[in-house]
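Participant: sequence first, then the predicted structure:
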Amino acid sequence: MSKLAGFLGVSVYSRSRVRNNKEFYSFTVISHNKDSLLKITNYFNKFPLLSSKYLDYKDFLYILDLQNKNNITTSYLNEAMKIRKDFNSTRTTYH
């Protein structure tokens, strides 16, 4: 995870939680700047995801395009939030 974060120029976030006397750890890398987003999109365009994750990625690209076209305003946010609600297990649209 550290190498991935270093490649993207971002940080690794860690979290631990206890559930039923068992401790769980998770690590997250968040791509949040233009350089890291470009690296992510180049990678997934070359090595596509499978299943509904591919649909999440295509929607992510659409939101990224909306953001780039409206980089001075936040007029795209309502549409982006509506699309984002259809990610992962909440997906109801399969186009």
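Facilitator: Arrived safely.
Participant: can you get me a residue count around residue 8?
Facilitator: Neighbour count for residue 8, taken as other CB atoms under 10 Å: 20. Glycine gets a C-beta too; all of them are placed from N, C-alpha and C.
Participant: not counting its neighbours along the chain, what's nearest it?
Facilitator: Once flanking residues are discounted, residue 8 sits nearest to residue 36: 4.0 Å by CB to CB, 6 or more residues apart in numbering.
Participant: which residues are contacting the helix or strand containing residue 6?
Facilitator: Secondary structure from DSSP states H and E places residue 6 in helix 2-8. With contact meaning CB atoms under 8 Å, 6 or more residues apart in numbering, helix 2-8 is reached by 11, 12, 29, 31, 35, 36, 39, 40.
Participant: equivalent analysis for stretch 25-33, please.
Facilitator: Stretch 25-33 has contacts (CB under 8 Å, 6+ apart) with 1, 4-5, 8-16, 37, 39-40.
Participant: just the C-alphas of the helix or strand of the chain with the lowest mean pLDDT, formatted as PDB.
Facilitator: None of the helices or strands of the chain scores lower by mean pLDDT, DSSP states H and E than helix 77-84, at a mean of 82. Once non-C-alpha atoms are left out, helix 77-84 reads as follows in PDB (Å, rounded to 0.1, in the frame of the first residue of the first chain):
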ATOM      1  CA  LEU A  77     -22.200  18.400  -7.800                       C
ATOM      2  CA  ASN A  78     -25.900  17.500  -7.600                       C
ATOM      3  CA  GLU A  79     -25.600  15.200 -10.700                       C
ATOM      4  CA  ALA A  80     -22.400  13.700  -9.400                       C
ATOM      5  CA  MET A  81     -23.900  12.900  -6.000                       C
ATOM      6  CA  LYS A  82     -26.900  11.200  -7.800                       C
ATOM      7  CA  ILE A  83     -24.500   9.100  -9.800                       C
ATOM      8  CA  ARG A  84     -22.400   8.300  -6.800                       C
END
